[in-house]
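1. need the 3D shape of this:
(chains A and B)
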Amino acid sequence: MFKNYIKIAWRSLKKQPFFTFLNTLGLAIGMAGGLLISLYIYDELSFDKMFPDADRIYRINADIRFGGSDMKSAEVSAPMAQAIQNDFSQIETTTRIRNRGSLLLRKSGAESNTRESNVAFVDSTFLKMFGIDLLVGDAKSALTEPNTLVLTKTAAEKHFGLQEALGQKMLLNNSETYTVTGVIDDLPANSLLRDHSVFMAMAGFEDAQQMLWTSHNYFTFIKLIPGADIADFQEPLQSMLDTYIFPYVQGFFPGITKEGFIASGNYLNYSTIPLTDIHLYSSRDSELSANSSIQNVYILFFIGLFLIVLASVNFMNLSTAHSLKRAKEVGIRKTLGSNKSELIRQFLTESGLIAFISLLLSIIITMVALPFFNELSGKSVSIPFAHPIFWIILLMATLLLGIFAGSYPAFFMSRFVAAKVLQGSGQNSIGGGRIRNSLVVFQFAISVFLIVATLVVFQQLQYIQGKDLGYAKDQILIVEDVSVVGEQLQSFKKEVQKLAQVSNATLSGYLPIPSFRNNNSFFKERATEQENALQMQEWRVDHDYLSTLDIALVAGRDFDRKFATDSTAMILNESAVDLMGVTPDEALGMRISGDLGEESPIFYTVIGVVKNFHFESLRENIGPLNLSLGGFPGAMAVKIKAGDFTDTLRQIESIWNQMAPGQLFNYRFMEDAFNATYEAEQKLGHIFVVFTILSILIACLGLFGLAAFNAQKRTKEIGIRKVLGASVGQITFRLTTDFLKMVAVAILISLPLGWYAMNKWLEDFTYRIDIPWWILALAAFLSVAIAVVTVSFQSIKAAIVNPVKSLRTE
Amino acid sequence: MIQIQNLKKSFRTEEVETLALNKVNLSVEEGEFAAIMGPSGCGKSTLLNIIGMLDNPTEGSYKFAGHEVGGLKERQRTELRKGNLGFVFQSFNLIDELTVFENVELPLIYLKENKSSRKEKVMKVLERMKIAHRAKHFPHQLSGGQQQRVAIARAVVTNPKLILADEPTGNLDSKNGLEVMNLLTELNQEGTTIVMVTHSDHDSHFAHRIINLFDGQIVTESKNRAIGAII
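-> As a prediction, the model looks like this:
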């Protein structure tokens, strides 16, 4: 019997190539979209699960409110890890990671440096914590000694061969010498350590040995002993405030108590997050690597589901529309003794067959689309062809899809009454029209929703990119690693400033693009109690900072070389002044210090207040900030006049080569750095575009097929109308408007939904657009236009048929 | 074999109720060949559908081989129909996607007969209908007469007690029509009961009895004595 089903299914598919093509293609596109999204989601959900004891590893977080500002820190203080290890029996091991950002690296004796962009100090327990094996070297001793480091395979191969790496000396930033004591495999792309390539022993890092309980700079991981419950650890963790933190703080805030601290509205709460949750559930002030969010996973899951449902709906629509042609067969089969359930089984076999053909096609589409998809999504997922589980899931899903998509047509067709369909009566009114129309409305509603979503995401991105940030990000070149120029740094700056195309330059590592920066507590003179703390960022700049970046002053003056006292001058931003509770003019002349607890703190005098400028992502408010002269600049920002960039760049590079021969000239544009901040939104935007196009394509295929069916069904009516004098235009209009009514209903349903959902999405942004009316209008217009183009081809085709022919056919 | 008493069938649309059959009383004996005649719309096909258990009567009783069929559910009717009834239609109603062999095999598949027995029976009946050489062809590759021979083969392959023929020669020329009528007569002579709806006086003369329907009622019944005279 089953063989008979397959046989007739195959033959009837072959007999209607147009219908089969539309149905298979629609389903295949939907399945390919679903497959891509599933691969993406699978990758997102797999983060950090590859580490052997991942289920026992947690990171410690700290939520801090102090000095008027809130911090959600992913890092805790340096001494915390050791204290936890000593005090709590349920902890098997702890390890710390301290980011050191990027540095220059070269093999001892080599001429030029290589830049490693993600370098970290790690404790000797690091390898044990994550269960990372060494390819070369001894895991027990690899990171125990000061000035030793472990490289990833790729990093090691850059400088030496894998086998030769062990024991080699390396020069960091042209100054520190380290010995390679091990090489590990490259870290998986779906782990939080994926960007790191160099791990230096914490043993030699002085800051890590200090008992600074209030500086939160160390990612601290703990591993529970098997069987321990993390819930039992929360209270002991918080008790560290009494044991360590307050005794320490009392050293420079005499008399401070935990109660007083809490009473003044402050808090310091420790919590833990499972290692495997970090990627999707953690978005703290500084993360070890860029995280995603579960919200994106949900959004994509629903888009994937939409696509599959759209494709299934297409299938249902086309199949029931074409059931006219199958009505006679159903009648005969029933007459010959087939019952309903046999017919349902037969039609489900058919839909299953289409689903499997579509599966093959969708795998081909996925293979072709995967490189583009990876580029769009910033991932490197692949189809796991070698995994039997993948195939089992895929085949099961296809089978389910076949049954789901085929269920309505099967049920619908098996209900045909044999006596009626064999007589030919009712062949033009097979029914189900209302359901088919509802399905078209549903499809278009999803498409319109996705169009709205895409337009809003892009509009918001455009708004961010065009927003007045309070500084000029355009035409700014950032030259990195300028510290390697050494004593000639000021001359380098002067030489660059002399170039005709350069309007100004400033030396500072603190630039208004998101990067690792920490808050510090400041105090006004004579107000040094803990409740008067002012939590703000502290940036070290030079005299040309404000003028190079076009940052406007609202009170006071800029740093000036004429005033020797400016070495202890400070410029605040408006948020800092607000935090102090004074006006910009009142702030001028106030004296502020950040070194409380030291014997003779240095007080800075406020000489100016700048207009707020955005230095973090536009998702966040502008925080308090102070600028003072000095520091060891890590970068130079160069403002270039409009014109030929490449020539200016070459000139700057040539000055660099004179002053820092053999050193890597590393640069980027501030605009690119700024845009990188919104990479997640841009990726989301691109993904939206792709899947919106896919969903529209599927909806159009369905509409196209349905229009063809409709025209065919109305052949006689069209013929009679033409005989009676209707023009081609009138008939086309008539056939098209029927479909437009459905699209109109879809628009009415989905515009409010789209508006609501996208407003929710925009709530994440502190600086956001209000959804303009024209986005809704454009979405409506686009969907109508797409529907008209799709339908009118079939309508015109039907309208130009000679009535003699169409009436004879009837 | 067939006892019908006070049978009524009405069709209801939103606004009107049409009475297709009104108080029909009819019995057909085993081995009989009956022809139902009448103008278009008189209820012939409706009556045939009810006799064929494709449709239920609105009122009245219909007994097939002693079993009351009138109120049966679709599933029960299907079960009773299988193997007992064979159908021949004016428009042949072969499944386009199946070959001649497969079309004829279909009722046996629904009877869950095994493959070798199916093959044997199908080939036997195709040979009898002189169409075995076309077993692998599809319906559209055959002439009308050949298609109707396949349809008859399909109707008789299960060796049914009753064959219902709805205008079996309506789409055929006179030569092919005659061939079909001869086949039906042959089957009848072998013991199969036949009920045939027809417009054709010529065809009706092959039957033992002619039943005339008009506006849903049987108006006359006449015995036919001229069998064989026109062959």
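
2. show me where chain B has strands.
-> Counting by DSSP state E, chain B forms strands over residues B:2-12, B:17-28, B:33-37, B:59-64, B:67-68, B:85-89, B:162-166, B:193-197, B:209-214, B:217-223, given from the N-terminal end onward.

3. the second one: which residues count as buried?
-> This points to strand B:17-28. Applying a neighbour-count criterion of 16 or more other C-beta atoms under 10 Å in any protein chain shown, one finds B:A20, B:L21, B:N22, B:V24, B:L26, B:V28 buried in strand B:17-28. Just so you know, the C-beta spots here come from the backbone N, C-alpha and C atoms, and that holds for glycine as well.

4. note down every partner strand of that strand and its orientation.
-> Strand B:17-28 has these partner strands in its sheet, going by DSSP bridges: strand B:2-12 (antiparallel).

5. cool, the shortest one as well?
-> Applying DSSP bridges to the sheet, strand B:67-68 is found paired with strand B:59-64 (antiparallel).

6. chain A contacts on chain B?
-> Applying C-beta under 8 Å from any C-beta of the partner chain, one finds that chain B approaches chain A through B:45, B:49, B:52, B:54-55, B:74-75, B:78-79, B:81-83, B:87, B:89, B:91, B:93-98, B:102, B:106-107, B:109-111, B:154.

7. dump the strands of chain B to CSV, plus mean pLDDT.
-> CSV is the format used below for the strands of chain B (pLDDT from 0 to 100):
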stretch, mean pLDDT
strand B:2-12, 88
strand B:17-28, 88
strand B:33-37, 92
strand B:59-64, 90
strand B:67-68, 86
strand B:85-89, 87
strand B:162-166, 91
strand B:193-197, 92
strand B:209-214, 90
strand B:217-223, 83
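
8. for PyMOL, what selects the buried ones among the residues of chain B next to chain A?
-> Remark: buried members of those, expressed as a PyMOL selection using 16+ other C-beta under 10 Å:
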select buried, chain B and resi 45+49+52+54+55+74+78+81+82+83+87+89+91+93+94+95+97+98+102+106+107+109+110+154
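
9. pLDDT at the closest residue to chain B within the stretch 501-650 of chain A, what is it?
-> Nearest to chain B, among the residues of the stretch 501-650 of chain A, is A:R619, at 60.0 Å (C-beta to the nearest C-beta). Predicted confidence (pLDDT) for A:R619: 72.

10. any idea whether it is helix, strand or coil?
-> coil (DSSP: H, G, I helix; E, B strand; the rest coil).

11. got phi/psi on it?
-> For A:R619, the backbone dihedrals are phi -70, psi -20 (criterion: degrees, to the nearest 10).

12. next one: A:L549
-> Dihedral angles for A:L549 - degrees, to the nearest 10 - are phi -90, psi 10.

13. tell me the contacts of the most centrally placed residue in chain A?
-> Per C-alpha atoms, centre = their mean, the C-alpha nearest to the average position across chain A is that of A:A680, at 3.3 Å. In this structure, A:A680 makes contact with A:A290, A:S292, A:N296, judged by C-beta atoms under 8 Å, 6 or more residues apart in numbering or on different chains.

14. how far away is it from A:G33?
-> Computed as C-beta to C-beta, to the nearest Å, the A:A680 to A:G33 distance reads 21 Å.

15. tell me where the longest helix sits in chain B.
-> Counting residues, the longest helix in chain B under DSSP state H turns out to be helix B:174-189.

16. list phi and psi for whichever residue of the stretch 101-250 of chain A sits closest to chain B.
-> Distances between the stretch 101-250 of chain A and chain B by C-beta to the nearest C-beta are smallest at A:N190, namely 49.3 Å. Torsion angles at A:N190 (phi, psi; degrees, to the nearest 10) stand at phi -110, psi 40.

17. A:I622 too?
-> Backbone phi and psi, for A:I622 under degrees, to the nearest 10, turn out to be phi -80, psi 120.

18. quick check: which element contains the closest residue to it other than its chain neighbours?
-> Closest residue to A:I622 apart from its sequence neighbours, by C-beta to C-beta, 6 or more residues apart in numbering or on different chains: A:N612 at 4.5 Å. Applying DSSP states H and E as the criterion places A:N612 outside every helix and strand.

19. quick check: pLDDT value at A:N612.
-> Checking the pLDDT column for A:N612, the value is 92.

20. do A:Y267 as well
-> 89.

21. so what's it bridging to?
-> Beta-bridge partners of A:Y267, counted by DSSP bridges, are A:R65.

22. helix or strand with the lowest mean pLDDT in the chain?
-> I went with chain A, as the question did not name one. Least confident element among the helices and strands of chain A, by mean pLDDT, DSSP states H and E: helix A:803-809 (a mean of 62).

23. switch to chain B, please.
-> helix B:74-81 (a mean of 81).

24. and it, what does it pack against?
-> Packing partners of helix B:74-81 (3 or more C-beta pairs under 8 Å, 6 or more residues apart in numbering or on different chains; DSSP states H and E): none among the helices and strands.

25. middle-most residue in chain B, spatially?
-> Centroid check for chain B by C-alpha atoms, centre = their mean gives B:L164 as the closest residue, at 1.5 Å.

26. what parts of chain A come near chain B?
-> Within chain A, the positions adjacent to chain B are A:1, A:4, A:7-8, A:11-12, A:15, A:328-329, A:331-340, A:342, A:417-419, A:422-424 by C-beta under 8 Å from any C-beta.

27. report the buried members of those residues.
-> A:8, A:11-12, A:328-329, A:331-340, A:342, A:417-419, A:422-423.

28. next, count neighbours for A:V689.
-> A count of neighbours around A:V689, defined by other C-beta atoms under 10 Å in any protein chain shown, yields 17.

29. chain center to whichever strand or helix holds it: distance?
-> For A:V689, the host element (DSSP H and E) is helix A:679-713. Centroid displacement of helix A:679-713 relative to its chain, using C-alpha atoms, centre = their mean, to the nearest Å, is 24 Å.

30. following it, which helix or strand shows up next?
-> helix A:715-723.

31. helices and strands around that next one, which ones?
-> Looks like helix A:715-723 contacts helix A:728-762, helix A:773-799, helix A:803-809 (3+ C-beta pairs under 8 Å, 6+ apart).

32. quick one, it and helix A:728-762 angle?
-> Following axes from the mean of the first three to the mean of the last three C-alpha atoms, to 10 degrees, one obtains 120 degrees for the angle between helix A:715-723 and helix A:728-762.

33. buried set for helix A:715-723?
-> A:T715, A:E717, A:I718, A:G719, A:R721, A:K722.

34. check stretch A:220-227 too.
-> In stretch A:220-227, residues buried by neighbour count (16+ other C-beta under 10 Å) are A:T220, A:F221, A:I222, A:K223, A:L224.

35. for the last one, grab phi and psi.
-> Looking back up the chat, that one is A:L224. Recorded main-chain torsions at A:L224 are phi -80, psi 150, according to degrees, to the nearest 10.
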